[in-house]
Structure formats: C-alpha cells, structure tokens
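**Q** Have a look at this prediction, sequence included:
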Amino acid sequence: MTELTAPNIVTSPTPSDRRRKLLQNLLRGERPYMLYIAFVILLVVFSLSSPWFLSVENFLNIGRQTTLVSIIAVGMTFVIIARQIDLSIASTLALSGMAAALAMSHVDNSWIVGAAAGLGTGALVGLLNGILTTQLSIPSFLVTLGTLSMARGLAMMVTNTKPVIITNETYFAIFGEGSFFGIPVPIAWTLAAMIVGILLLHYNVFGRRIYAVGGNPTAALYSGINTKWVTTAAFVLTGTLAGLAALVLSARSHAARPDVVQGMELDVIAAVILGGCSLFGGRGYILGTLFGSLIIGTLNNGLVLLGVSSPMQLVIKGAIIVAAVAFTKR
C-alpha cells in the first residue's frame, strides 16, 4: 500500500521572520545594512554639530557637490565588479571638458557638437584603457596610471594650460544651471546615470556577464562569455560617464580648465567601495554606490561646516578607504 505524504508547501516569510533576519544581518555587520546605518549616523552627528546642516539648501548643496563623483562612480562600479580599476577618470574628465569647449568654440558655438565631443573623448579614453588592459594583458592599475598622466598632459597642451570660456546659454541650461521638473539639472543627470546603471547591471545580460567576469574570469571564458569585450565595455562606459561629468562641470563653471578635479579618483573609488563593491571583483550594486557617494559628500560637507582643514579631510577619507577595503575581505 502506497504511503501518502503531505506535499511540500513553500510559505512566504512572515513579518516576524523578516525582522529576525534583518536583526541577524545587523548583528553580523553585513552590507547593505551597515552602509545605511553609517549614513544615518553621519546625519545625526552633523545635525547635532551644526545648525545649518539639516537645511533644505544644504541638502541640495550636497546633491550638487556629489554629482561628479556619483555619475562617474556608476561606471566605476562596473569596472570594479569586473575585477579592474580605473585611475584615469579625473584626467579623462578634464580632457573631455576641454574637448567639449574647444569643439563649441570652433563649430558655430553648437552645444550639440560640444556634448558629442565631450562624451566621445571620454569614450575614446575608456576604449584605450580597455584595449591596453585586455589585448596586451597589462594590469589595469598600470594602464590607467599611464593614461591618467597622458590625458592630463593632453588637456594642458591643447591650450597651453589656459582655460576655454563657454558662452552657450542652452549648454548651461541643459547640463549645469537649469531644472527638470523642479530638480536641479546636475542632480537630474545623476539620477539618470543611476537609473541607466541599475538597468544595465541588474536587469540586463551585460550586467550578468560583468558579475561572471569579476567572480571567476576563467569560468566565464569557458562558458562562452567574451571576457575581453565585457571588460573593455566597462571601461568605455566609465569613460563616457566621465565625459558626461565634464559637461556638467564645464556648464556650471562656464569654462573648461585642464587642471580641474585632480585627485577626484580617490572620492570615486571610496564611494564605490563604501557602497559594497569588492576590490576583488564579483560583488557590488548601483544603489550601494549612490549611498557611498552620499556618505562621501555628506562627510565632506559636514567637515567643512565644522571647520576641519582640507589636509585633515584627506586623511579622514584615506582612512575610510582603508577601513572599507579591510571590511570587504571579511
């Protein structure tokens, strides 16, 4: 006689189960929960330390100040998940801004030509990084260290270190000074970059391939993934977003300068790592990068309001990067 067994019934977790799991993750110090806690702690500490911190205008300032870092950090998330690094992003931004301004000054002051030149220059630098890294098997750290110097030198050479003035009002409105449904344009571009990044990384086959390449390059190769193409595409995306950040910066300042944002790669890498990306590849997400960028921006803003010197700010940010890297190895 056949014994009847009850079918396995899969039940959804109850609210108490979810609360218990959340508490367990908090006690183990797992991300992304610790990231959210760190952000809340920063808000509480700085709000108690400065009466101006909690103002709406100050939060808008934080959003504007983190625009460049947040936009480029989206691309850097792809690069780091793919087990690579890009140190040339700040120099790429400077060169892209100069290309955009010079293109407008030579082609009827057209903002479309300028935008295309800026984005195209960033993409070309990213393509160069990707080709040198994948085709010549040179570590990306060394490749981008070299292109960092090359791009910055080219930005200074094209005008003999002189800035290029921009006068196109439409360019200012689209990339720097306008608003989109009440949202300042720089913040709107940040949100657009984040949405595109989320769609590519979490809802597209390209994102799955990025995770595969970063998690286990050999297994990804044997499974039929063109690892060289995927890695190169990540660098191109980062370069293009550096070009977009250059458009935003030059539109806000009404000029392109070859010496801007030196050392900004530190903030970008810090934001991505704080956001949950592992420097060893295979792990990371865009929303975490956004929170990491906001933590860096909030930290910078709060330290300025408290009167902390610029050298000490660099020391604090460097210590945060070391702590974050140590945390990712757990």
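**A** Thanks, I have the structure now.

**Q** Just give the number of residues close to Asn58.
**A** By other CB atoms under 10 Å, the residues close to Asn58 number 17. C-beta here means a position set from N, CA and C on the backbone, and glycine is covered the same way.

**Q** Double-check it against Asn301; I have them as touching.
**A** Yes - between Asn58 and Asn301 there is a contact at 6.9 Å, judged by CB atoms under 8 Å.

**Q** Next up, identify which helix or strand Leu314 is on.
**A** Element membership of Leu314, judged by DSSP states H and E, is helix 310-328.

**Q** so for the one helix or strand Val125 maps to, what's the average pLDDT?
**A** Taking DSSP H and E as the criterion, Val125 maps to helix 111-135. Confidence for helix 111-135, expressed as mean pLDDT, is 95.

**Q** can you start the count at 22 instead of 1 from here on
**A** Sure thing, new numbering starts at 22, so read that last one as helix 132-156.

**Q** Going by contacts, tell me the helices and strands next to it.
**A** In this structure, helix 132-156 packs against helix 110-127, helix 161-178, helix 190-193, helix 248-274, with contacts taken as 3 or more CB pairs under 8 Å, 6 or more residues apart in numbering; DSSP states H and E.

**Q** Need these in TSV (columns: mean neighbour count, mean pLDDT and distance to Gly135).
**A** Output for these, formatted as TSV (neighbours: other CB atoms under 10 Å; pLDDT from 0 to 100; distance: least, CB to CB, whole Å):
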stretch	mean neighbour count	mean pLDDT	distance to Gly135
helix 110-127	27	94	4
helix 161-178	19	94	15
helix 190-193	17	92	6
helix 248-274	26	95	8
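
**Q** pLDDT score for Gln86?
**A** 86.

**Q** And for Leu47?
**A** For Leu47, pLDDT reads 45.

**Q** What angle do helix 161-178 and the helix holding Val146 make with each other?
**A** Helix 132-156 runs at 150 degrees relative to helix 161-178, counting by axes from the mean of the first three to the mean of the last three CA atoms, to 10 degrees.

**Q** buried set for helix 132-156?
**A** 132, 135-155 (16 or more other CB atoms under 10 Å).

**Q** before we move on, what about stretch 327-338?
**A** Lys338.
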